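> Sequence plus the predicted model coming up.
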Amino acid sequence: MSTQLDSTPNKPKFPSFLKAINIIWKRERSITEVIIHISNALALMIVGHLVFSYLTAENVIAVFNTVNSEILYYVLGGFIAQMIDGALGMAYGVTATTFLMSVGITPATASASVHASEVFTSGVSGYMHLKFGNVNSKLFKTLVIPGVIGAILGAYVLSSLEDYAGYIKPIVSIYTLFLGAIIIRKALIKRQEKRQLKKVGWLALFGGYLDSIGGGGWGPIVSSTLIASGRHPKYTIGSVNLTEFFVSLASSITFFTVIGLGYWQVIAGLILGGVVAAPIAARLANKLPVKSMMILVGIVIIIVSLRQIVLGAGKFF
């Protein structure tokens with residue numbers, strides 16, 4: 001005898017699924033979300049093009065044949081930079097760039113490699129800030145376009161001067177020396193006098209330009225200035241972190257267009273070292289004395305930068 005359950009036809013689940021898609025499609029989106037979706041689509045197109053163009057069996061074999069022991073230096077650089085960034089929440093770019101230049105990498109290649117690896121980390125970080133409501137939409141829209149323009153200009157200028165790397169390296173080291181001093185200053189000064197800051201777009205342009213030139217500094221320069229001017233730290237850090245993804249992406253694309261992708265081994269080393277260090281740094285973040293760590297990192301960056309300045313001074317005299 002057939003039961004009522006057997007006689008009842010199974011209801012198709014497709015209409016409800018299509019209805020859900022329709023609701024998602026018609027949902028109102030903010031300008032910030034639209035910009036993020038467009039950038040994600042652009043990034044996927046670029047990655048897809050690179051994968052299908054270069055990821056052939058011959059190229060993969062050739063890549064593995066070119067790997068040598070030098071990649072261990074880059075892994076170490078990524079590990080150290082991520083450990084510091086995980087403990088302090090800053091200084092990944094300047095630490096990695098300083099380390100790479102100290103082992104003979106040119107400024108343009110160092111900055112390009114750091115920004116390529118930062119695309120992944122800043123993308124995840126920015127998305128999490130957006131998800132948890134730490135992004136001020138108005139501040140983000142004020143920062144993103146000038147920041148991207150500054151990053152493109154800085155990357156193009158540095159790439160165009162690649163033949164003058166011997167002259168550029170001490171100049172970039174002066175900038176990283178300045179960033180090391182900023183890190184120490186942030187550790188020592190407890191309270192900063194608030195002041196009104198009106199030209200935020202110019203600050204983003206300047207920060208994006210110097211970030212590409214020096215391989216880092218977007219966070220220390222832009223975040224510190226905005227917080228010192230009275231901006232709320234939570235929304236400032238969230239907005240600046242989200243903007244950093246677009247700054248790093250623009251810088252990476254510009255570097256790739258001008259100088260090519262011959263520095264993939266450096267990028268791979270930074271990413272591998274960062275992946276290994278990330279869980280360790282997260283576990284140690286709440287146990288390390290942050291103030292002492294910031295002072296130590298600032299001193300190390302200053303010492304290494306001074307060494308590069310002294311070594312490169314002969315080019316000018």
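Right, received. Where do you want to start?
> Reduced to three states, what does Gly262 come out as?
For Gly262, the assignment made with DSSP: H, G, I helix; E, B strand; the rest coil gives coil.
> What confidence value was assigned to it?
Per-residue confidence (pLDDT) for Gly262: 72.
> For stretch 71-83, list every residue counted as buried.
Buried residues in stretch 71-83, counted by 16 or more other Cβ atoms under 10 Å: Ile71, Tyr73, Tyr74, Val75, Gly77, Gly78, Phe79, Ile80, Ala81, Gln82, Met83. Glycine gets a C-beta too; all of them are placed from N, C-alpha and C.
> Test my guess that the third one contacts Val266.
In this case it means Tyr74. Yes: here Tyr74 reaches Val266: they are 5.0 Å apart, a contact under Cβ atoms under 8 Å.
> Identify the contacts common to the two.
Common neighbours of Tyr74 and Val266 (criterion: Cβ atoms under 8 Å, 6 or more residues apart in numbering): Leu100, Ser113.
> Can you mark which positions in stretch 309-317 are buried?
For stretch 309-317, burial by neighbour count (16+ other Cβ under 10 Å) applies to Ile309, Gly312.
> Oh, that last question was meant for stretch 221-235, not what I typed.
Buried, per 16+ other Cβ under 10 Å, within stretch 221-235: Ile221, Val222, Ser223, Ser224, Thr225, Leu226, Ile227, Ala228, Ser229, Arg231, Tyr235.
> which of the residues in the longest helix along the chain are buried?
When the chain is parsed with DSSP state H, its longest helix is helix 233-259. Residues of helix 233-259 classed as buried under the neighbour-count rule (16+ other Cβ under 10 Å) are 235-256, 259.
> Kindly format the C-alpha coordinates of the helix or strand containing Lys141 as PDB.
Assigned by DSSP states H and E, Lys141 belongs to helix 137-160. Once non-C-alpha atoms are left out, helix 137-160 reads as follows in PDB (Å, rounded to 0.1, in the frame of the first residue of the first chain):
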ATOM      1  CA  SER A 137      33.500  54.300   2.800                       C
ATOM      2  CA  LYS A 138      34.100  58.000   2.300                       C
ATOM      3  CA  LEU A 139      37.800  57.800   3.500                       C
ATOM      4  CA  PHE A 140      38.400  54.800   1.300                       C
ATOM      5  CA  LYS A 141      37.100  56.600  -1.800                       C
ATOM      6  CA  THR A 142      39.200  59.600  -1.000                       C
ATOM      7  CA  LEU A 143      42.400  57.400  -0.700                       C
ATOM      8  CA  VAL A 144      42.100  54.800  -3.400                       C
ATOM      9  CA  ILE A 145      42.400  56.800  -6.700                       C
ATOM     10  CA  PRO A 146      45.200  59.100  -5.600                       C
ATOM     11  CA  GLY A 147      47.000  56.200  -3.900                       C
ATOM     12  CA  VAL A 148      46.800  54.100  -7.200                       C
ATOM     13  CA  ILE A 149      48.000  57.000  -9.300                       C
ATOM     14  CA  GLY A 150      50.900  57.600  -6.900                       C
ATOM     15  CA  ALA A 151      51.800  53.900  -7.000                       C
ATOM     16  CA  ILE A 152      51.800  53.800 -10.800                       C
ATOM     17  CA  LEU A 153      54.000  56.900 -11.000                       C
ATOM     18  CA  GLY A 154      56.400  55.600  -8.400                       C
ATOM     19  CA  ALA A 155      56.700  52.200 -10.000                       C
ATOM     20  CA  TYR A 156      57.200  53.700 -13.500                       C
ATOM     21  CA  VAL A 157      59.900  56.100 -12.300                       C
ATOM     22  CA  LEU A 158      61.800  53.400 -10.400                       C
ATOM     23  CA  SER A 159      61.500  50.900 -13.300                       C
ATOM     24  CA  SER A 160      62.700  53.500 -15.800                       C
END
